[in-house]
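S.K.: here is a sequence with its predicted model. Questions after.
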Amino acid sequence: MSSTKVPITVAYGDGIGPEIMEATLRIIEAAGAQIEKEVIEIGEKVYMDGYSSGIKPEAWESLRRTKVFLKAPITTPQGGGFKSLNVTVRKVLGLYANIRPCVSYHPFVKTKHPVMDVVIVRENEEDLYAGIEHRQTDEVVQCLKLISRPGCERIVRYAFEYARAYGRKKVTCFSKDNIMKMTDGLFHKVFDEIGAEYPDLEKEHWIVDIGAAKLADTPEAFDVVVMPNLYGDILSDVAAQITGSVGLAGSANIGDGVAMFEAIHGSAPRRAGQNMANPSGLLLGAVQMLVHIGQADVAERVQNAWLCTLEEGIHTYDIFKEDTSKVKVGTREFADAVIERLGRKPQTLKPVKFSNATFHIRPSDTQPAKKELIGVDIFLHHKDRNADRLGEALKKFKAGHMELSMITNRGTKVWPGGFPETFCTDHWRCRFKSEELKPSGPQDVLNLMQQIVQAGFEIIKTENLYTFDGEPGFSAGQGQ
Ligand code: NAD
């Protein structure tokens, strides 16, 4: 056990927050956690004092100093103008990895999936969550999906390092790279590249749709699962739900500097101040924190004592069942019961074994490729739904080596040789490029745009087409 105290920032939150935080801290300190607490205020009162993200400026100083944040749930006030505290903390501090262990505690907690011990590792910063959305035409809006190589490398490497530190056997990747060949394709490619550095771990990839179905149906087939932001957002909730005990799950948000640990449930305001709430979700968040700060031995002692409490039927109201539970307890009594069992190992449930997981992930430097501009996709807002007429009108515009090669509507090729059955909106992607991928200059793109605008068309955006070391850096477009 480490003898130097590790500073951590603690927020007691709202609703049941203070009670479950008090119980959690009491348990981990009784187990020997070497921590120095700095308390900050977040949540409802701070929002009401006029801080739109629910956190005061001085709290950031504490987080920067300690780099470890144990956070109780907060109540987000209803109504406009309030920003999510979690999203703010995640974005400002660059918490790129969300780690959510989803475990069944059969037969002590009712579940349809008695054998389940899955960790969802969700990328937290990229993908469709960049929030870059535009209305471009009367009929069409768009959301940009951004995936970066460093972003993929960090999350994928984190998943593999986590698997090693927590004695896991397999890492699975979910993506939709059969459709999104470039964005999800990059995620999958990086998974394969980095996975090769971990010969001790089993690796597999599933297309997210069938993977998600299998996860919901046969969770026992999975161990650690890593995925981009959107799939991870959805499937971490699915996975937590099917354990049968959302109230027992903790989660970690990890960044290069700071890491935040919490329960996945909210502030349950109706239960506040009644000594009823189950502190287990926050406690398991704190267990992840202890492993993170190099006190894996304490983490192990806490979780094993907690498992003993669960299997001895000492349950708070939310998981109390006549057939499996023995004593219904309040928050404080539950914490006392865990403390009494420190040093013991569960008999029916599997004891946990952790090793210190203080690893730092640095993405590798990307080597610049030879990048050549070979064309441009010009997007038009154009009301006439006839693709052939549009093709005929645009065919005459040329610049550099670029000429009209195709037109698509919502990604489906409609010129040349489109199908009359394809419904066309007022949003057209017109691709001008060199057939042989010969380079043109940026001036040629401007020249082409000028011709098109002068002919009376409305350009709503352009996207340059490049080759990288001779390989096209753009998708071909769906069509016949
Ligand atoms: P909730 O998770 O607070 O409650 C859902 C249900 O679960 C309620 O019936 C509640 O009584 C029960 N419950 C939750 N945690 C429990 C526990 N530890 N012990 C026993 N029962 C528990 O979700 P909600 O009611 O939708 O949201 C309440 C507030 O929490 C909202 O203001 C919401 O914005 C906020 N919230 C905060 C966080 C966070 O801070 N991370 C997360 C989710 C929701």
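M.R.: Good, I have the coordinates. Residues are numbered from 1 along each chain as shown.
S.K.: what's downstream of the helix or strand of the chain with the lowest mean pLDDT, the next helix or strand?
M.R.: One helix or strand of the chain scores below all others by mean pLDDT, DSSP states H and E: helix 85-92, with a mean of 87. Beyond helix 85-92 on the C-terminal side, the first helix or strand identified by DSSP states H and E is strand 95-103.
S.K.: now the strands for the stretch 301-450 of the chain?
M.R.: All strands of the stretch 301-450 of the chain, identified by DSSP state E, counting those that start in this stretch, fall at 314-315, 327-328, 371-381, 398-399, 402-409, 412-415, 427-433.
S.K.: circling back to that earlier point, and the contacts of the least confident helix or strand of the chain?
M.R.: Among residues not part of helix 85-92, those counted as contacts by C-beta atoms under 8 Å, 6 or more residues apart in numbering are 42-43, 53-55, 60, 63, 69, 74, 76, 95, 124-125, 253, 260. Backbone N, C-alpha and C define where each C-beta goes, glycine included.
S.K.: next up, phi/psi of the closest residue to the ligand within the chain, please.
M.R.: With C-beta to the nearest ligand atom as the measure, the residue in the chain that lies nearest the ligand is Gly266; the distance is 2.4 Å. Backbone torsions for Gly266, taken as degrees, to the nearest 10, come to phi -90, psi -160.
S.K.: from Val453, how far out is it?
M.R.: Spatial separation of Gly266 from Val453 under the definition C-beta to C-beta, to the nearest Å is 51 Å.
S.K.: okay, these two: which has more neighbours?
M.R.: Counted by other C-beta atoms under 10 Å, Gly266 and Val453 do not tie: Gly266 has more neighbours, with 15 against 12.
S.K.: and the residue nearest to Gly375 when sequence neighbours are not counted, what pLDDT?
M.R.: The shortest distance from Gly375 to any non-neighbouring residue, by C-beta to C-beta, 6 or more residues apart in numbering, is to Lys433 (2.6 Å). Lys433 carries a pLDDT value of 96.
S.K.: Lys433 - how many residues pack around it?
M.R.: Lys433 is surrounded by 23 other residues when neighbours are defined as other C-beta under 10 Å.
S.K.: who touches it in this structure?
M.R.: With contacts defined as C-beta under 8 Å, 6+ apart, Lys433 is in contact with Ile374, Gly375, Val376, Met402, Glu403, Ser405, Leu465.
S.K.: look up phi and psi at the last one.
M.R.: Spelled out, that is Leu465. According to degrees, to the nearest 10, the main-chain angles of Leu465 amount to phi -110, psi 120.
S.K.: show me what it is bridged to.
M.R.: Leu465 has the following beta-bridge partners by DSSP bridges: Gly375.
S.K.: what sits against it?
M.R.: Neighbours of Leu465 in contact, by C-beta under 8 Å, 6+ apart: Leu373, Ile374, Gly375, Val376, Asp377, Arg431, Lys433, Pro472, Gly473, Phe474.
S.K.: redo that, cut-off 10 Å
M.R.: When contacts are counted by C-beta atoms under 10 Å, 6 or more residues apart in numbering, Leu465 touches 372-377, 402, 405, 431-434, 437, 440, 445, 472-474.
S.K.: using CSV, lay out the strands of the stretch 301-450 of the chain together with distance to Asn304.
M.R.: Formatted as CSV, these follow (distance: least, C-beta to C-beta, whole Å):
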stretch, distance to Asn304
strand 314-315, 15
strand 327-328, 20
strand 371-381, 54
strand 398-399, 70
strand 402-409, 58
strand 412-415, 57
strand 427-433, 58
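S.K.: with distance to the ligand added, can I get these in JSON lines?
M.R.: JSON lines is the format used below for the strands of the stretch 301-450 of the chain (distance: least, C-beta to the nearest ligand atom, whole Å):
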{"stretch": "strand 314-315", "distance to the ligand": "11"}
{"stretch": "strand 327-328", "distance to the ligand": "12"}
{"stretch": "strand 371-381", "distance to the ligand": "38"}
{"stretch": "strand 398-399", "distance to the ligand": "53"}
{"stretch": "strand 402-409", "distance to the ligand": "40"}
{"stretch": "strand 412-415", "distance to the ligand": "40"}
{"stretch": "strand 427-433", "distance to the ligand": "36"}
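S.K.: list the buried residues of stretch 266-278.
M.R.: Ser267, Ala268, Arg271, Ala272, Met276, Ala277, Asn278 (16 or more other C-beta atoms under 10 Å).
S.K.: distance between stretch 191-207 and the chain's centre?
M.R.: Its chain's average C-alpha position is 19 Å from that of stretch 191-207, according to C-alpha atoms, centre = their mean, to the nearest Å.
S.K.: mind checking the end-to-end distance for it?
M.R.: Using C-alpha to C-alpha, to the nearest Å, the span of stretch 191-207 from its first residue to its last is 13 Å.
S.K.: quick one: mean pLDDT for that stretch?
M.R.: Per-residue confidence for stretch 191-207 averages out to 97 on the pLDDT scale.
S.K.: and that stretch, what's buried?
M.R.: For stretch 191-207, the neighbour count (16+ other C-beta under 10 Å) marks Phe191, Ile194, Gly195, Tyr198, Leu201, Lys203, Glu204, His205, Trp206 as buried.
S.K.: max pairwise distance over these: which two?
M.R.: In the buried residues of stretch 191-207, two members sit farther apart than any others by C-beta to C-beta. They are Tyr198 and Trp206, at 18.1 Å.
S.K.: where neighbours are concerned, which of the contacts of Lys433 has the most?
M.R.: With neighbours taken as other C-beta under 10 Å, the top of the contacts of Lys433 is Gly375, carrying 29 neighbours.
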